[in-house]
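Undergrad: Show me the folded form of this:
(2 chains)
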2 protein chains.
Amino acid sequence: MPSNPQILLDNRPTGEATLSNFKLVTSETPTLQDGEVLVQHHYLSLDPYMRGRMNDTKSYTAPQPLGEVMGGGTVGEVLESRSTLFTPGDMVVGMGGWQAYSVVTATTAPGALRKVDTTHVPPSYYLGAVGMPGVTAWYGLTSIIQDQPGQTLVVSAATGAVGSAFAALARARGCRVVGIAGGPAKCQYATTELGFDACIDYQQHTDAVSMSRALKLACPDGVDGYFENVGGMALDAVMLCMNDFGRIALCGMIAGYDGKPLPMNYPALILRSRLRIQGFIVTEHMDIWPKALQELGGLVVTGKLRPRESVAQGLAAAPEAFLGLLKGKNFGKQIVKLI
Amino acid sequence: MPSNPQILLDNRPTGEATLSNFKLVTSETPTLQDGEVLVQHHYLSLDPYMRGRMNDTKSYTAPQPLGEVMGGGTVGEVLESRSTLFTPGDMVVGMGGWQAYSVVTATTAPGALRKVDTTHVPPSYYLGAVGMPGVTAWYGLTSIIQDQPGQTLVVSAATGAVGSAFAALARARGCRVVGIAGGPAKCQYATTELGFDACIDYQQHTDAVSMSRALKLACPDGVDGYFENVGGMALDAVMLCMNDFGRIALCGMIAGYDGKPLPMNYPALILRSRLRIQGFIVTEHMDIWPKALQELGGLVVTGKLRPRESVAQGLAAAPEAFLGLLKGKNFGKQIVKLI
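TA: Numbers count the residues shown, from 1 in each chain, chains lettered A, B, ... in the order given. Sure thing, here's the model as predicted:
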C-alpha cells in the first residue's frame, strides 16, 4: 500500500488560526478489509466551515479532533476495491480529508462515496459548483429566500464557490443579483465573468451606513433577499436596504470565526421591515441534493455557470491556502491539487 | 353634540418621550353625515407600538401626524347612528384614538367598527386578551413559533397583554412556558396567576450571560420558541439558550424605541443553532383574526385566560400611563377608563 502524507490538527487556535496549528505527517495506508475502498485523492476542497471545527466550542458540527487528519471533501479515483459498489478507475466524491489517500468503508456516511461523471464536468467542480457549495447556494436561494422573477438579491463573498453558483442560479431564474466582494479585481470579475448585475467592493467602506449607500445605488428597487456568507458590516449594510418581508439566508459568518465579537447593529429592522432571517447547514437537507445538483449541472453544461478556482499545488500547501481563504485571498473556489 | 376632550401629539420626542410631547384640547364633535356613527369611548388602549409612531422615521406604520389626535384602539357605545349597520346601544371596538368621542364612517378601515358581545366578556378585554394583543400572541405562537406539545417556549414582557395571552395559549396547547418580567411582584404573579411554569426577573441580571444562566435553570430542555416584545439583553440571553431549529417571533423591541442603539450581540448563534427569526405586525394578517379570537374567547370564558389590567382614570391620565407603560410600570394590559 502507498505511504500517505496527511495534515493533522496539532493544536487549537487562540484567536486567529496560524500555520503552527497544523502538522504534516506520513503514515502507511492500511490493507483493505471487506467492503473497503482505497481512493487516491485528485483534489481536496478547502471551505470556511473548517475554521469553526478547529475551535473546541458548540457548533453545528463536532469539533475537529486534535491529532487527527483534518476533515474535508475530496474527489479522486478508486485504486483498489473490496466493495461490490466500486471498481478501480471509478471517479468518486467523498469526505477523504487532508491527505493523499483514504481508505473508506464504501457505504458509511459521511465517508460514503458517490460515483461521479467526469466526462461532461471537470472532477474538481464536484467540490464546488456541483458540490456542497453549489447545493448550499441552491438551498438558501430556493428554500429560504424563495426567489421570484424580478426580485433583487444580494450575496456576500460573491466570487467564492457559493457566491458564483448563487449568481448563476439567480440570473437563470430571472432575478437581479448584486454581489459584495473585496477589491476591484474581484468586483470586476463578478460583473464581467460571473453574471452579477453589480458588485460592491466592501474594502471601499469603513462602516455599514456608507456601504448601504452604495448598495442602494446598485439596488434601486431595494433588496428582497440576501445570502450571507460573511456577517458583520455586510449584514448591517444589507439589512439597511432590505424591502419589507425580505428574507436573509444565513450560511456563514466568516468575519467572526476568529472569535471577534460580531454584533448585528440594527436588529430592530427585523421588526420594522418584517424580515425573516434563517440559519442553515446544507448537510442537514440531503433530500434536496439530487434536485439541486441537477439544476447546477445543467448550468455548468450550458456554460451559464463557469466557476473560477484557486488551485494550491500539493498537500503541503493546504494550510497556507486555507488561511488565505479565511482572509479572502482566494479568488473563486479554493481547492488543492494533490496529483 | 357633546364637546370632546382630545390628546394631540404636539411635538416629537428627542430621545425619551415626555409629557410635553402631548397636548390636551377640547373640540366639538361634528354633526353626523350619512353612514356615520357617534361612539362614546369607554376604554382606550395604550400600546408600545404608539411610541414608534411618535418618531418621524421609517417604521411599519405611518408616523403619527403632529397636531392630530393620537391614534389608538377603543371600545365604546354607539350613541347616535346614521348607518344601517349600527344602532344606539351597540358596544363596538374601533380605532377611536385618544379622545372621549369619535365620529366614524362605519365601513371605513381601519376606523371601521366591530360590534362585540359584552355579556360573556368584559368590554375592556376587547382591547387586550381578545383584541389586538391576544391575536398578536396567537399569530406569533402558531404561525412563526409553530408550537408543538411538550416544547419549551419563552415570552418577554410576560405579564403584559401579549405575554399573558401567550402563556394561556401555550399552556392550553401543552407547552412549558417561561416568562421574563421586571421585579419579583410581576414574576410571582406570572407563576401564581397567569399559569407560567417559571418566570425570570430581568432586574436581577446586569448582562445577558448571567440572565441566560437563570434561563437555563428554568428551561432544562432548552428553548424551542421565543416571543420577543423587548429586545436587547433579553434577546441575547434567550438566544444563548435556544435549541437547534428554534424559532423567534419578533413582535416588539420596546427597549430600543427611544432611539438607543440596541445591537444583537450573538448573531452567529442564528447560524450555529439554525434559528429562524421573523418580525411581524399582526394587522397585516387580518385573515387569521376570526380563528384567533375564537380560541382566545374560549380561554377567557373557561377562565384559562384571566388577564390583569392596569387602569388609568380619565383621558388626562393617558400620557403619564403611556410613559409608564414604556418603562414597564404597568402591570397587565394598560388601558384608560374614560367614563
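Undergrad: Surely residue A:215 and residue A:237 touch.
TA: Yes: counting by CB atoms under 8 Å, residue A:237 is a contact partner of residue A:215 at 5.9 Å. For glycine as for every other residue, the C-beta is placed from the backbone atoms N, C-alpha and C.
Undergrad: More neighbours: these two, which one.
TA: Between residue A:215 and residue A:237, counting by other CB atoms under 10 Å in any protein chain shown, residue A:237 is the more crowded of the two (29 against 25).
Undergrad: residues in contact with the more buried one?
TA: A:205, A:208-209, A:211-212, A:215 (CB atoms under 8 Å, 6 or more residues apart in numbering or on different chains).
Undergrad: what's the helix or strand for it?
TA: Here residue A:237, judged by DSSP states H and E, is contained in helix A:233-239.
Undergrad: Quick one: mean pLDDT for that helix?
TA: Here helix A:233-239 scores 96 as its mean pLDDT.
Undergrad: Toward the C-terminus, what is the element adjacent to that helix?
TA: strand A:242-250.
Undergrad: Low-confidence ranges, the stretch 1-150 of chain A, go.
TA: Applying pLDDT under 70 to the stretch 1-150 of chain A picks out residues A:58-60, A:109-111.
Undergrad: Now do the helices in it.
TA: A:49-54, A:132-139 (DSSP state H, counting those that start in this stretch).
Undergrad: And the shortest one, what's buried?
TA: In this case it means helix A:49-54. A:49-54 (16 or more other CB atoms under 10 Å in any protein chain shown).
Undergrad: Figure out how far stretch A:7-15 is from the centre of its chain.
TA: Between the centre of stretch A:7-15 and the centre of its host chain there is 21 Å, according to CA atoms, centre = their mean, to the nearest Å.
Undergrad: Next: stretch A:217-228.
TA: Worked out by CA atoms, centre = their mean, stretch A:217-228 lies 22 Å from the chain centre.
Undergrad: Now do that stretch: everything it contacts.
TA: A:137, A:140-141, A:145-148, A:151-156, A:162-163, A:166, A:176, A:178, A:197-198, A:200, A:215-216, A:234-235, A:238-239, A:241-243, A:246-253.
Undergrad: Touching, residue A:246 and residue A:273? I think so.
TA: Yes: in this structure residue A:246 lies within contact range of residue A:273 using CB under 8 Å: 6.2 Å.
Undergrad: among the contacts of residue A:237, who's most crowded?
TA: residue A:215 (25 neighbours).
Undergrad: How about the contacts made by that one?
TA: Residue A:215 sits in contact with A:154, A:178, A:200, A:223, A:237-238, A:240-241, where contact means CB under 8 Å, 6+ apart.
Undergrad: so after the host helix or strand of it, what's the next helix or strand?
TA: Element membership of residue A:215 [criterion: DSSP H and E] is helix A:208-218. The helix or strand immediately downstream of helix A:208-218 is strand A:223-228, counting by DSSP H and E.
Undergrad: between that next one and strand A:242-250, how many degrees?
TA: 20 degrees (axes from the mean of the first three to the mean of the last three CA atoms, to 10 degrees).
Undergrad: Can I get strand A:223-228 in PDB? Just the C-alpha atoms.
TA: The C-alpha trace of strand A:223-228 is given here as PDB (Å, rounded to 0.1, in the frame of the first residue of the first chain):
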ATOM      1  CA  VAL A 223     -33.200  44.200  -1.700                       C
ATOM      2  CA  ASP A 224     -35.700  41.300  -1.500                       C
ATOM      3  CA  GLY A 225     -33.300  38.500  -0.500                       C
ATOM      4  CA  TYR A 226     -29.800  38.200   0.900                       C
ATOM      5  CA  PHE A 227     -27.500  35.300   1.100                       C
ATOM      6  CA  GLU A 228     -25.000  35.900   3.900                       C
END
